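J.: got a predicted structure here, sequence first:
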Amino acid sequence: MDTQRFTRQPEASASLMEKLLFEVKRVVVGQDAFLERVLVALLAQGHLLVEGVPGLAKTLTVNTLAKVLRGSFKRIQFTPDLLPADLVGTRMYNQKTGDFSTVLGPVFTNLLLADEINRAPAKVQSALLEVMQERQVTIAGESHRVPEPFLVMATQNPIETEGTYPLPEAQVDRFMMKVLVTYPSAEEEYVIAERVTGPRIEVEPVCSTADLQRLQRDCRAVYADPELMQYAVRLVCATRDPVGCGLPALKPLITYGASPRATIGLIEGARAMALLRGRTYALPEDMADIVHDVLRHRLSLSYEALAAGQTPDSLISQIMAAVARPSKPLEHQATKAA
C-alpha cells in the first residue's frame, strides 16, 4: 500500500482516534455505537441526524468531543419562534460608527448541535441547507465560510410530535446518517449515576482541529475496491428498483428510494470505519455496519408498508439479505491497486 498519500501511518491514526474515544468515554458512559457514528461522520465530513428521547447524553457527547479536539461548540435550541437570522447571523447598525456591521450566528463553530430541529418552521430548517452543503452562509449578499472541520448534529424527539414540523426531504437527504440512540442498560445507568454524583471529571485535549483535518485527508486516501463501490450502488439501487434485485414484494412498500448521496455516504462511511479500525483499505463489513444508518432516513414508505407495521430498518435488512456482498478484498489486492 502506498502510504505516501497518508499524512501519517494508519496505525498512528487509529491510535489517535482510540485516545480520543478513551477520553470521551471517561465522561460518556455506553452509547458506543453512537460515539462511533459521530467519529465516522467527522472523518467523512458528513452530518448526523440523531433520534432519541431526552437525557441520553447527546449534548454531552458533542460538547465533550469539542473539548477533546480543542474545537468550538455551539448549541441551538430550535423553537417555533426561531428566525433564520438567529441561526446564521445578520447585519446590525452601529450607532457609534454610523455603519452596519455583520454579526455572525452560532453556526460559525466546529461542532454544532441543532437540538429538536423539527420544532422550528421550514424556513429556519432550510437556513441550515446552505451551511451544511456549501459550508458557508450568505448574509446581505456576502458569503462567509464556517470554520473547518464542521459537523452539524441535529436531534429529534420521537415521542412528542405536537407542534413539530417535518424536515424537508432536501434537508433530510443532506444528513449522511440517521442514528437511533437507545436507553442505557441497567449496569451502564449505575455507572452514569456514579459518575454524575461523584467528583467532576475534566477531559484532557488529545488532538487539535488541525490533527482532525489531517485525519479527514487520510480518510479520503483509504482504498475502496471497485467491487465495494458496486456493492454500494447495488444496495442503493435496490431501494429504487426492488424488482430488479429479486424483491418484488418490496415494490408496493417503498414510495421513494435513496438518492445517489446515499451511495457516496456508504463509500465515505466505509472508508472512515476502516481508518478507525487501523486499516488503509475498506472491507465489506465496514460498509455493512453503517448501511442502516445511511439509508433509514432516505426511504419513503407507502401507506401499505406503514399499515403492515414495516419500518425502514426491516426493509433495509431484507435488501441486505438479497444483495450479495463482494468477496473480501485482501491487503495484497489493495496494494496492487494503490
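T.: Structure's in. What do you need? Residues are numbered from 1 along each chain as shown.
J.: my guess is E227 meets S327, correct?
T.: Yes - under the criterion of CB atoms under 8 Å, E227 makes contact with S327 at 7.2 Å. To be clear about C-beta, it is placed using only N, CA and C from the backbone, and glycine gets the same treatment.
J.: the more surrounded of the two?
T.: Taking neighbours as other CB atoms under 10 Å, E227 and S327 compare with E227 leading, 14 against 10.
J.: how about the more buried one: what's its closest non-neighbour residue?
T.: P326 (3.9 Å; CB to CB, 6 or more residues apart in numbering).
J.: go on, F73?
T.: A66 (3.6 Å).
J.: what residues are up against that neighbour?
T.: 72-73, 110-111 (CB atoms under 8 Å, 6 or more residues apart in numbering).
J.: from R135, how far out is it?
T.: Using CB to CB, to the nearest Å, we find A66 at a distance of 17 Å from R135.
J.: tell me where the model's unsure across the stretch 201-338 of the chain.
T.: 328-338 (pLDDT under 70).
J.: wait, A140 sits on M92?
T.: No - under the criterion of CB under 8 Å, A140 makes no contact with M92, lying 10.7 Å away.
J.: so for those two, which residues contact both of them?
T.: Counting by CB under 8 Å, 6+ apart, the shared contacts of A140 and M92 are 100, 102.
J.: now the strands for the stretch 51-200 of the chain?
T.: 73-77, 89-94, 99-104, 111-115, 136-139, 142-145, 151-156, 177-180 (DSSP state E, counting those that start in this stretch).
J.: for the stretch 51-200 of the chain, what spans make up the helices?
T.: 58-68, 84-88, 122-134, 169-172, 186-197 (DSSP state H, counting those that start in this stretch).
J.: can you list contacts of the last one?
T.: Think helix 186-197. 27, 29-30, 57, 183-184, 201.
J.: if I look at R214, how far off is A307?
T.: Between R214 and A307 the distance is 50 Å, computed by CB to CB.
J.: what's the answer for L60, then?
T.: 38 Å.
J.: now do C237
T.: Counting by CB to CB, the gap from C237 to A307 is 26 Å.
J.: which of those two has more neighbours?
T.: When neighbours are counted by other CB under 10 Å, C237 comes out ahead of the other of C237 and A307, with 18 against 9.
J.: helix or strand for that one, which one?
T.: C237 belongs to helix 226-240 when elements are defined using DSSP states H and E.
J.: and if you look at C207?
T.: Here C207 is assigned to no helix or strand, by DSSP H and E.
J.: how many residues are close by it?
T.: 18.
J.: ok, now L151?
T.: Around L151 there are 23 residues (other CB under 10 Å).
J.: contacts only, for it.
T.: For L151, the contact set (CB under 8 Å, 6+ apart) comprises 38, 41-42, 46-48, 110-112.
J.: gap between A258 and K123?
T.: Taking CB to CB as the measure, A258 falls 26 Å from K123.
J.: L20 too?
T.: Shown here: L20 relative to K123, a distance of 37 Å by CB to CB.
J.: looking at these two, which is more packed in?
T.: Applying other CB under 10 Å to L20 and K123 shows that L20 carries more neighbours, namely 22 against 11.
J.: hang on, the more buried one packs against S208?
T.: No - under the criterion of CB under 8 Å, L20 makes no contact with S208, lying 11.2 Å away.
J.: which neighbours do these two share?
T.: With CB under 8 Å, 6+ apart, L20 and S208 have common neighbours L69.
J.: how about Y231, what does it touch?
T.: With CB under 8 Å, 6+ apart, Y231 has these contacts: 284, 287, 323, 325-326.
J.: err, D32, not the other one
T.: If you count contacts by CB under 8 Å, 6+ apart, D32 has none.
J.: apply 10 Å and report the result again.
T.: 21, 25, 188 (CB atoms under 10 Å, 6 or more residues apart in numbering).
J.: H144 and L104 touch, don't they?
T.: Yes - using CB atoms under 10 Å, H144 makes contact with L104 at a distance of 6.5 Å.
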